[in-house]
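Student: Give the three-dimensional model of this entry:
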Amino acid sequence: MSPTNQNKTTDAAPTASGRAGPPVEPGRRTQVLVIGGGLAGLAAAIRFRREGWHDFLVLERGDEVGGTWRDNTYPGAACDVPSHLYSYSFALNPGWSRSFSTQPEIQAYITRVSRRYRVRDRHVFGCEVLSARWVEDSARWEVETSRGLFVADVLVGAFGALCEPSLPDIPGIETFAGKIFHSARWDHDSDLEGLKVAVVGTGASAVQIVPAIAPRVAALQVYQRTAPWVLPRLDRPYSTLERLACRYVPFYQRLVRGGIYWAHEAQAVALAKRPALMRPVGAFARAKLRREVPDAALRRRLTPDYRAGCKRILLSNTYYPTFRQDHVTLVTDGIAEVREKSVVTADGTVREVDALVLATGFRVTDSPTYRRILGKDGRSLGEVFDTVGRQCYKGTAIANFPNMFLLVGPNTGLGHNSMIFMIESQVNYLVDALATMRRRRVRSLEVRADAQEDFSRMLRRRLSRTVWNVGGCASWYLDKHGDNTTMWPGFSYEFRRITRKFDIDAYHVTTRGPQ
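Tutor: So this is what the prediction gives:
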């Protein structure tokens, strides 16, 4: 692999057998191909261009950059990471309007950054990846898309974790005659005004949706399987003076950002090192619940039965008070079936419903995209994960998948800090890997299975002591094997340290002959 300033084209694309396949159109043969134009894919594209590399493309199935922030446009959508921390380190935004930004403001920031760094010309929008196959004979990736064939030396998976909606398997749901949509695919043409609405789920999206739509609907039913822990959302507008200071006072915004980062980083001690320290957090959350929900019976149903932090802790000042409204009902009996105009719970109660909002999260550990990426032995990433679990070296490289890197891969999730910090850490590793491949004339590299297993063993050992594993809950952090393959078990700066330099000794390497 040798990133250069020139796009190279070939007359034919290699097939899985190594023979020439269909002709590749000019511009569709590139050295690095990135799947996904969200925060991770955009960060990679910007870094490539800043390094002087231009022979790359980003395939994005949507019509704009932004990923989850482009797709999640539901009422009340906002970030639960402070604004000054939820931005690229190289593109701070002095114009944030408040301490926790809303979806439109974040999406506008992402779009603005893509224009500022002039990488939109390297994006192919409206291009969905149908399959990606490693071709051993030519040491290249052959990628079939909704817009034809692309061929690349290196594949970067930046398709993210919160992109594929998880749809509930409820008997009869296909017969529902009213409006129905997932929170990440909000139907803005469907007016909920004056309707009887059921929200299924009580996770991060639901906690924002429920208070936002409650004033508009005639009746609101919230179907809860597991109660979440909810803490105050310390949100406020920034003053004009604060915004001016961020824009014009040297280093002011970076000092603010640094203070926020280290304050949040300290939370990893309780989450990942000393779970017993989460008990005061639980006590504080219970006190908040007592203040905001006077009804003791309702309060009991809203009280989690697991340790705070085991699942994602949510931030809201309006969620609990919403249940004090007469037209809002909390339903804790499981859904038995959905009928044409109603929802039936396990206790036999039938409730009329005009619209169903599925706030049921995402397919994090079993993304459909995994089934579309085929490694050197013909098995898909999904098949490999089904067999051995979501093992991944430094959240980035996977045995059996040469010349492929993941961004926001397994065990890179955080419960205490900004994922953009983790993304930038992985991009550092990726860029150093590509530079190493160029310098050493590497034809292909693949992480060694023993290095991957050693890393996975270290993760399992460290995760066994975290609140996510000992907190007494079943969460979306766990894969089908019951292993936590989502969260990083420590400080984010520890991850930054291990991804600072590419460690080629952990990889099998083949090189190209002299030119």
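
Student: And stretch 271-284, what's buried?
Tutor: Buried residues in stretch 271-284, counted by 16 or more other Cβ atoms under 10 Å: 271, 272, 275, 278, 281, 282. For every residue, glycine as well, the C-beta is placed using N, CA and C.

Student: any chance of those residues in TSV, plus pLDDT?
Tutor: Converted to TSV, the buried residues of stretch 271-284 look like this (pLDDT from 0 to 100):
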residue	pLDDT
271	96
272	95
275	94
278	96
281	96
282	96
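
Student: okay, among those residues, which ones form the most distant pair?
Tutor: Spatially, the most separated pair among the buried residues of stretch 271-284 is 272 and 282, at 16.7 Å (Cβ to Cβ).

Student: Take the buried residues of stretch 271-284 and keep only those in strands.
Tutor: Under the assignment DSSP state E, the buried residues of stretch 271-284 contribute nothing to strands.

Student: any chance of the residues you listed in CSV, with distance to residue 151 too?
Tutor: Shown next, in CSV, are the buried residues of stretch 271-284 (distance: Cβ to Cβ, whole Å):
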residue, distance to residue 151
271, 43
272, 41
275, 48
278, 49
281, 51
282, 53
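
Student: of those, closest to residue 378?
Tutor: Nearest to residue 378 among those: residue 272, at 37.5 Å, using Cβ to Cβ.

Student: for that closest one, what are its contacts?
Tutor: The contact partners of residue 272, taken as Cβ atoms under 8 Å, 6 or more residues apart in numbering, are 462, 465, 466, 467, 487, 489, 490, 491.

Student: quick one: it and residue 449, what's the gap?
Tutor: According to Cβ to Cβ, to the nearest Å, residue 272 and residue 449 sit 27 Å apart.

Student: Could you do residue 411 as well?
Tutor: Distance of residue 411 to residue 449, computed by Cβ to Cβ: 17 Å.

Student: cool, residue 356 as well?
Tutor: In this view, residue 356 and residue 449 are 45 Å apart by Cβ to Cβ.

Student: Same question for residue 489.
Tutor: 22 Å.

Student: for residue 202, same thing?
Tutor: Look at residue 202 and residue 449: by Cβ to Cβ, they are 40 Å apart.

Student: Have a look at those two and say which one is more surrounded.
Tutor: Ranked by neighbour count (other Cβ atoms under 10 Å), residue 202 and residue 449 place residue 202 first, with 23 against 15.

Student: Check the contact between the more buried one and residue 221; I expect there is one.
Tutor: No - if you go by Cβ atoms under 8 Å, residue 202 and residue 221 don't touch, sitting 11.9 Å apart.

Student: picking that back up, filter the contacts of residue 272 down to just the ones in helices.
Tutor: Under the assignment DSSP state H, the contacts of residue 272 contribute 462, 467 to helices.

Student: of the contacts of residue 272, buried ones?
Tutor: 462, 466, 467, 487, 489, 490, 491.

Student: and the residues you listed, which two are the farthest apart?
Tutor: Distance extremes for those: the farthest pair is 467 and 491 at 14.8 Å, using Cβ to Cβ.

Student: what's residue 79 in contact with, if anything?
Tutor: Residues counted as contacts of residue 79 (Cβ under 8 Å, 6+ apart) are 86, 100, 101, 102, 103, 106.

Student: Can you tell me which of the residues you listed lies closest to residue 436?
Tutor: residue 86 (30.8 Å).

Student: Look up the pLDDT of the closest one for me, please.
Tutor: Note for residue 86: predicted pLDDT of 96.

Student: just use 53 as the starting number from now, easier for me
Tutor: New numbering, starting at 53: the last item is residue 138.

Student: Give me the neighbour count for it.
Tutor: Here the number of neighbours of residue 138 (other Cβ under 10 Å) works out to 23.

Student: Who are the contact partners of it?
Tutor: 131, 153, 158, 470, 472 are the contacts of residue 138 under Cβ under 8 Å, 6+ apart.

Student: So how do I select the buried members of those in ChimeraX?
Tutor: Buried subset of the contacts of residue 138, written as a ChimeraX selection, criterion 16+ other Cβ under 10 Å:
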select :131,153,158,470,472
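
Student: isn't residue 392 right next to residue 225, touching?
Tutor: No - the pair residue 392 and residue 225 does not pass the contact test of Cβ under 8 Å, sitting 10.8 Å apart.

Student: Between the two, point out the one with more neighbours.
Tutor: Neighbours were counted for residue 392 and for residue 225 using other Cβ under 10 Å; residue 225 has more, 18 against 10.

Student: hang on, isn't the more buried one packed against residue 390?
Tutor: Yes - look at residue 225 against residue 390 with Cβ under 8 Å: they come within range, at 4.4 Å.

Student: returning to what we had before: narrow the buried residues of stretch 323-336 to those in helices?
Tutor: Applying DSSP H to these, the entries found in helices are 333, 334.

Student: which one of the buried residues of stretch 323-336 sits closest to residue 485?
Tutor: Using Cβ to Cβ, the buried residues of stretch 323-336 come closest to residue 485 at residue 324, 26.9 Å.

Student: Can you show me the strands along the stretch 203-352 of the chain?
Tutor: In the stretch 203-352 of the chain, the strands defined using DSSP state E, counting those that start in this stretch lie at 231-234, 248-252, 271-275, 282-283.
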